[in-house]
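> Build me a structure from this.
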Amino acid sequence: MQKSRFNVVTDGQWGSCGKGAITTALAYKFRPAVLSTTNMANAGHTAVFFDGQSFIAKVLPSATALAKWTGANLSPPADLSYSPQVVIGPSAAFDIEQLQKEIEHCGLEPGKLMIHPRAGVISKDHKEKENDDKNGTKHIASTMQGCGAFLADKVMRRPDLKLARDYEELKQYVPQTPLWSLPMWVNQCLKSGATILHEGSQGFSLDINHGSHYPQCTSRSTTALQNMVDMGVNAAELGDIYLVIRPYPIRVGNVVENGEIKGYSGDCYDDHQEISWEQVASQAGAPAHVMQGELTTVTKRLRRVFTFSKRQLVEAVVTNGATKIALNFANYIDWSCFGVNEYDRLPQKVKEFISKIEDLVQIPVSIVGTGPAINHCVFMGQ
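Numbering: from 1, shown residues only. Model (predicted):
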């Protein structure tokens with residue numbers, strides 16, 4: 001991670017690559033002074049600490065939980081306590097009740113959280129619009145959390161739309177200075193020597209403009225460069241871009257009602273195909289529970305799973321300007337590496353996969369995730 005720069009963690013596939021685990025592991029190792037995100041309610045990220053404590057973030061950066069976990073001195077020594085400044089950017093949109101739950105869970109003090117005045121709040125009306133059978137987004141197997149409906153209102157500048165600045169319960173987190181500027185604030189942080197780690201959400205292949213399939217995509221751009229723009233960061237301040245991938249990419253599950261597909265989540269690239277979780281488990285030598293598959297964090301639908309696509313990876317690297325690869329779920333290549341955090345203990349199948357990726361895109365695999373916890377990571381060449 002580059003010091004005194006704006007570093008980004010982004011997803012190189014259709015989401016659910018484990019950005020929460022990778023971001024939290026990076027934050028624990030490098031201790032950036034600022035954690036930021038522009039997440040929306042349609043994405044949930046999970047962080048798991050050494051002792052098994054978990055945090056599911058839908059609003060705050062996943063690594064926010066480190067302030068509680070390290071402060072409680074549960075596993076690391078006391079001198080490793082960590083209390084970063086947390087920033088929610090202007091293109092974020094969230095449920096206030098969910099935010100309050102996450103603040104309480106992390107023990108986050110008011111002075112440690114800053115929410116951009118123009119960040120969005122998802123209302124009940126926004127969710128109802130997307131869940132409407134006739135005019136909603138069920139047909140594309142959307143998470144239907146109200147994000148697209150909110151963005152439509154924000155773009156149309158509806159007079160009755162309320163942003164973060166308009167909620168009394170958020171005022172303690174929203175800058176009150178007239179003409180306050182996030183770009184100037186970020187610039188000052190970086191000039192003072194602070195390092196920023198930004199956690200992107202969803203996945204490159206879901207990008208509304210550059211993703212793999214339309215309309216089976218999300219309602220906005222999800223690239224690392226878009227994250228930079230949303231936070232008001234100029235190109236000279238950009239540091240490392242960590243592209244998180246998995247050996248078997250997933251898509252959100254279809255919406256199935258009474259045995260009939262009511263919402264289709266989309267096709268795949270032309271150089272891979274959909275497979276079953278039984279095939280994944282068999283090839284990795286994984287335990288029986290892996291055969292049951294993964295459920296998405298937000299919708300709890302069974303994820304669709306695919307073979308690896310070289311084309312998808314190359315497009316993601318080029319479009320995002322990735323400088324480093326984080327290969328997560330390496331245990332799905334060979335389950336014998338589950339929980340491993342040393343390179344020498346990685347099985348040959350995983351090392352060969354790493355070499356293939358590096359040969360293909362000519363940037364290093366710098367992190368290998370082998371399990372859900374932040375110590376289930378192999379850092380290479382950091």
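> Tell me, how many residues neighbour residue 52?
Residue 52 has 8 neighbouring residues, counting by other C-beta atoms under 10 Å. Yep, even glycine has a C-beta here, placed from its N, CA and C like the rest.
> Assign it to helix, strand or coil.
When classified by DSSP: H, G, I helix; E, B strand; the rest coil, residue 52 comes out as coil.
> quick one: contacts for the closest residue in space to it that isn't next to it in sequence?
Closest residue to residue 52 apart from its sequence neighbours, by C-beta to C-beta, 6 or more residues apart in numbering: residue 373 at 7.4 Å. By C-beta atoms under 8 Å, 6 or more residues apart in numbering, the residues touching residue 373 are 21, 48-50, 52, 339.
> repeat for residue 213
By C-beta under 8 Å, 6+ apart, the residues touching residue 213 are 266-267.
> mind checking pLDDT for it?
What the model reports for residue 213 is a pLDDT of 92.
> tell me the SS of it?
Put simply, residue 213 is coil when judged by three-state DSSP.
> Tell me how far it lies from residue 207.
Distance, residue 213 to residue 207, by C-beta to C-beta, to the nearest Å: 11 Å.
> count of neighbours near residue 233?
Residue 233, neighbours per other C-beta under 10 Å, totals 25.
> Now residue 296: closest residue in space that isn't a chain neighbour?
Leaving aside its chain neighbours, residue 296 sits nearest to residue 252 (5.4 Å; criterion: C-beta to C-beta, 6+ apart).
> Assess the claim that that neighbour and residue 143 are in contact.
Yes. If you go by C-beta atoms under 8 Å, residue 252 and residue 143 touch, sitting 7.0 Å apart.
> So these two - more neighbours on which side?
Counted by other C-beta under 10 Å, residue 252 and residue 143 do not tie: residue 252 has more neighbours, with 26 against 22.
> Which residues are in contact with that one?
Residues near residue 252 by C-beta under 8 Å, 6+ apart: 14-16, 141, 143, 265, 296, 299, 301, 303-304.
> Looking at those, which are in strands?
Counted as lying in strands by DSSP state E, out of the contacts of residue 252, are residue 304.
> top of the contacts of residue 252 by neighbour count?
Top of those by neighbour count (other C-beta under 10 Å): residue 14, with 29 neighbours.
> Neighbours of residue 302, how many?
Neighbour count of residue 302, defined by other C-beta under 10 Å: 17.
> returning to what we had before: between residue 252 and residue 143, what contacts are shared?
Common contact partners of residue 252 and residue 143 (C-beta under 8 Å, 6+ apart): 296, 299.
> Residue 25 versus the residue nearest to residue 52, what's the distance?
9 Å.
> Alright, that wraps it up for me.
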